[in-house]
Structures are given as C-alpha cells and as structure tokens.
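Undergrad: Take a look and give me a structure for this.
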Amino acid sequence: MKLQLSAVCILIVGLAWAQGERGTLNGTVTDASGAVIPSAAVVATETTTGVETRATTTAAGIYQMPYMPSGQYRLSATKPGFRTSVVENVTLRVAQTLTVDVRMELGQVNESINVASAGPLVETSSSETGRYVSKREFDTWPVQVSDGQRQIQTFIFSSLPGTVGDTFQGSINGGQAYTHEILIEGMSIGRFDLQGGSNNEFSPSADAISEFKMQTGVIGAQYGGGQTAVANFAVKSGTNDLRGSAFTYVQNDVLQANSFTNNALGRPKPPYKLLNYGYNVGGPVVIPKVYNGKNKTFWFTNLEHTRVRQFTSTSRITLPLPAFKQGDFSSLLNSCSAVPWSMGKSIIRVRHAPSAARLCSIHSPPTLFRNRVLILSPRIS
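TA: I've put the predicted structure just below:
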C-alpha cells in the first residue's frame, strides 16, 4: 500500500523557464498580397486560464513565443491600419514547436477577421519525430497498478510502437536499455545509478498528468540526457474555474479466472482484492477581499491511494517442529542412517546458543492455514 500526495502550484510570472515540456509558437504575419508586416502586436491567450503571452513581429514579419505551456490558445494580431486578425483553437502540445502564420487585411483595428477553427497544424519547425498522447487517450488504455499506483511509464511500454521491455529495463527506438530521458515538467527524474529505468518512486500520479510526448528521431540539444528518446510529461494546472474529478479502479478475484497451474493441481483461486482510487482538483487562488488570482495564479492538487488484500505464497518455507526447539533432531535420521544422532539423545538445553533460544521463544508453534500452508504467529515479549 502506498499513499502519494502531490501538489503543484503554478505561478505565472516572468521567469526564464527551461525548455522541458514547454512549447514554442512562431509564424509570419503578412498582408493580403503576401508582404510581411513588421512591428505587429501578436497575443496568444490560453483559453482556460486567460494568461496572455505577447510578442512583436520583426522586420521580416516573424514572431516567436518560446517557453509556452501546452494548451488551447487564441491567437490575435493587431497593427494600426489593419483589421485585427484572430485564429481560434490553436492547440499547442507538449514540447511542440508550432508554426501558425497570420494574414491581415486593411481596415480599422476595431474590425476583426476570425478563423473559426484552424485546420490540422503540422509541425514543420523541428526535425524531431514522436507521438503525442492526450489525457483522454491515456485514460482509455488500461494502465496497471505497480508500486502502489498506476505508473505513467507503463503506457509507453505497453501501448506505444517502437518500445521493448518494461518500465525497469526498456528499450525505445532501438536503443540500449536505460538510455532514454524522463522529464516531469522539464525536470529529469533519472536516478544517479541508472537512467530511463525504474523511476516509479519519483513519478507523480497518473491522474495528475495532462498529456505527454514520446520524442524520438533527432533529439534537440536541450535534451542532452536522452540518447535515443525522451519521455516528456506535463502536469495538470489549475484554471480560472474550479474543476476536479475522481476515479476508482477495482480488481477482485471474483472477476478473475483461475490460472492454468491452479486448475491442473485442483487449487482454488487465491484471494486478491485491489482498490485504487483518488481525485484531482484545481482552480484559481482567490482570497476574498485580499487577492484575486484569476488569469494570474492557480493551484492544483491530487491524491492517489491503493489498497491491496491478498495472500500469495511464491515459495516453500520449512519451519521448525516443536521437538527441534527442544534440541531433539532425531526425527531427521531414520533407521538406514549410517551415523545415529548422538545415540538417539537430544542436545541438552545448557548447550543451546542464547541467540537461538531467544529466536525460538518469540514464535509460537506453527499452525496449519486451510490445511495447506504453515504460518508462524509472532509472540514478542
């Protein structure tokens, strides 16, 4: 059983973010004839948080907005003498460099041209290849519980092409094991003794992940640790509205079939009950009459709890009989033995090692469990 509580508080401030899971918006602003428009003001507004990112086109009419969090954006361009041009539904994915060109027409600034929905936007500004996985897709595929929670890397090795192995020793894109980089919000969670392997202890809850990208091909210089691939995860953020969800995953032996081995030996199904549940919730930081964090400051927290009840024996254990505790091991030898055990006598108690005597005293005699398994009941005094 493992209880994990993670809280992420996203503060929108003017800092120089590391690249990590952040994306980039760029493009060219032109007029109806195709001529570039310099000094145009371009604003990208995240639709769920209202956070705005601003840029100004260069003399070549090019704008660039680096270090952008993934999300849904509304892009607008303005300049005196031109109508305001608006592009709706611009989806920026994790670690994506997205080019969105904007076309403006002559007119008044208070007039606008809206593109109701942008067509499929192809990433042409980077040589990287990979696979984007949305939250909806992540939730649709089964992700097993391991080490007390649903592991975020399990989806990679069980569902994505080009992967071999598992979360401990897996290969991606034909590379060696332990050679891919794992990033959570731009922070590497590689261990000091291995990279790209078993990092389950450092992973957040699967329900806290908004989306991720498996980056392969030519890896950018900013991902110096990823030799063959980069698993880039983004964590959810609060929005201007209070939003949350809850989940429950249940496994029960009643719903499971018995194994082939148990059926062959006439054994019943071993008892097994797993309950994995939790929640996530986020919103704006609002302190009545003190601070209103809408469009500026947000909070997000999640909880995942796993409870497992099972009794599974994977090996046989030989337990001492009551006579052994008294020093009588004569039952180990039969009449065909070449050398009798001390002429049929027991080891006298004064010759018992103190540590052995103490070890025997803290356990009560073994008992049978369902006529199959011997167990010990501790009795510590």
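
Undergrad: The spatially most central residue of the chain in helix, strand or coil?
TA: With distances taken as Cα atoms, centre = their mean, the residue of the chain nearest its centroid is Ile152 (3.0 Å). Here Ile152 is recorded as coil under DSSP: H, G, I helix; E, B strand; the rest coil.

Undergrad: just the one 5 residues further on next, same as before
TA: Each residue gets one of three states, and Phe157 gets helix by three-state DSSP.

Undergrad: again with Asn263
TA: helix.

Undergrad: rewinding a little: just checking, the residue nearest to the centre of the chain touches Ser210?
TA: No: applying Cβ atoms under 8 Å as the test, Ile152 and Ser210 come out as separate, 11.4 Å apart. C-betas here are computed from N, CA, C, even on glycine.

Undergrad: Give me the number of neighbouring residues for Gly175.
TA: 18 (other Cβ atoms under 10 Å).

Undergrad: Show the model's pLDDT score for it.
TA: Per-residue confidence for Gly175 comes out at a pLDDT of 76.

Undergrad: mind checking how far it is from Asn110?
TA: Relative to Asn110, Gly175 is positioned 55 Å away (Cβ to Cβ, to the nearest Å).

Undergrad: May I ask you to name the longest helix in this protein?
TA: helix 354-361 (DSSP state H).

Undergrad: so where is the stretch 1-150 of the chain shaky, pLDDT-wise?
TA: Where the stretch 1-150 of the chain drops to pLDDT under 70, the residues are 1-20, 109, 115-127, 142.

Undergrad: the strands in it, which residues?
TA: In the stretch 1-150 of the chain, the segments counted as strands under DSSP state E, counting those that start in this stretch are 2-11, 23-30, 41-46, 52-56, 62-68, 71-78, 84-92, 97-99, 102-103, 112-115, 128-134, 145-146, 149-150.

Undergrad: ok, and which of these has the densest surroundings?
TA: Comparing the strands of the stretch 1-150 of the chain by mean neighbour count (mean count of other Cβ atoms under 10 Å), strand 149-150 comes out on top with a mean of 23.

Undergrad: which helices and strands sit right next to that strand?
TA: Other helices and strands packing on strand 149-150, by 3 or more Cβ pairs under 8 Å, 6 or more residues apart in numbering; DSSP states H and E, are strand 297-310.

Undergrad: Can you list the buried residues in the helix or strand following the strand it packs on?
TA: For strand 297-310, the following helix or strand on the C-terminal side (DSSP states H and E) is helix 322-325. For helix 322-325, burial by neighbour count (16 or more other Cβ atoms under 10 Å) applies to Lys325.

Undergrad: What is the end-to-end distance of stretch 214-234?
TA: Counting by Cα to Cα, to the nearest Å, you get 12 Å between the two ends of stretch 214-234.

Undergrad: So which bits of it are buried?
TA: Buried residues in stretch 214-234, counted by 16+ other Cβ under 10 Å: 214-216, 219, 223, 226-234.

Undergrad: farthest pair in these?
TA: With Cβ to Cβ as the measure, no two of those lie farther apart than Gln227 and Ala234, at 22.1 Å.

Undergrad: thinking again about what came up before, CSV for the strands of the stretch 1-150 of the chain, including distance to Phe202?
TA: Formatted as CSV, the strands of the stretch 1-150 of the chain follow (distance: least, Cβ to Cβ, whole Å):
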stretch, distance to Phe202
strand 2-11, 11
strand 23-30, 24
strand 41-46, 28
strand 52-56, 30
strand 62-68, 24
strand 71-78, 25
strand 84-92, 26
strand 97-99, 28
strand 102-103, 41
strand 112-115, 42
strand 128-134, 20
strand 145-146, 14
strand 149-150, 12
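
Undergrad: Ok, which of those comes nearest Val290?
TA: Closest to Val290 of those is strand 2-11 (Cβ to Cβ; 16.7 Å).

Undergrad: Against Tyr178, how distant is Arg93?
TA: 27 Å.

Undergrad: er, Ile287 actually
TA: Distance, Ile287 to Tyr178, by Cβ to Cβ: 46 Å.

Undergrad: Then Ser158?
TA: Plainly put, Ser158 is 18 Å away from Tyr178 if you go by Cβ to Cβ.

Undergrad: next one: Gln251
TA: To Tyr178, Gln251 is 30 Å away according to Cβ to Cβ.
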